[in-house]
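Asker: I'd like to go over a predicted model; first the sequence, then the structure.
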Amino acid sequence: MRTHRYKVQKGGFGLFLGIAAEVIRPASPPPGGTPVSDRVWLDASEVRNAYYGSRLTLTESEIASLRAGLGKVSGAIELVDGSPCILIAVRALEIVEADYAEVALAPAIAGWAESEWSLAPRRCDAVRDSATGRYTLNWDE
């Protein structure tokens, strides 16, 4: 199991999220996973708080953010991993409440996958609108 830490520190804000996940290569599509692409699946059903060990229940929106991040790299994963099914099981999150925003899940899981499969890193710039507090991710596509 590998851990990736996503960090952004800019003038008016900071984001931090650590994500620990593992790859499982089942012979057929996993019944409990969520499809991301033809062969890449996501499982976020057993996630723990990395600091306290307590179970975390992710919202549908948080799972959608994870899927979006994996979606950015799933094509590259499928090119380098010939397994019929690739299940990425998120096992733990390092969350510091002051620096956590759901938006960080997407670049964190994408960065995790880039490390796991030695993929070329994609640049993802996080921008925060100071008036609304909303974040936008700008991917280098």
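Answerer: Okay, I see it. Numbering: from 1, shown residues only.

Asker: Doesn't residue 51 lie inside a strand?
Answerer: No. Assessed by DSSP: H, G, I helix; E, B strand; the rest coil, residue 51 does not belong to a strand; its assignment is coil.

Asker: ok, longest helix in the chain?
Answerer: helix 60-80 (DSSP state H).

Asker: Next, the buried residues of it.
Answerer: Applying a neighbour-count criterion of 16 or more other C-beta atoms under 10 Å, one finds 62-63, 65-74, 76-78 buried in helix 60-80. No exception for glycine: its C-beta is placed from N, CA and C like everyone else's.

Asker: Pairing partners for the helix or strand just after it, with directions?
Answerer: Counting by DSSP states H and E, the element after helix 60-80 in chain order, helix or strand, is strand 86-94. Strand 86-94 sits in its sheet next to strand 13-24 (antiparallel), strand 40-43 (parallel), strand 47-49 (parallel), going by DSSP bridges.
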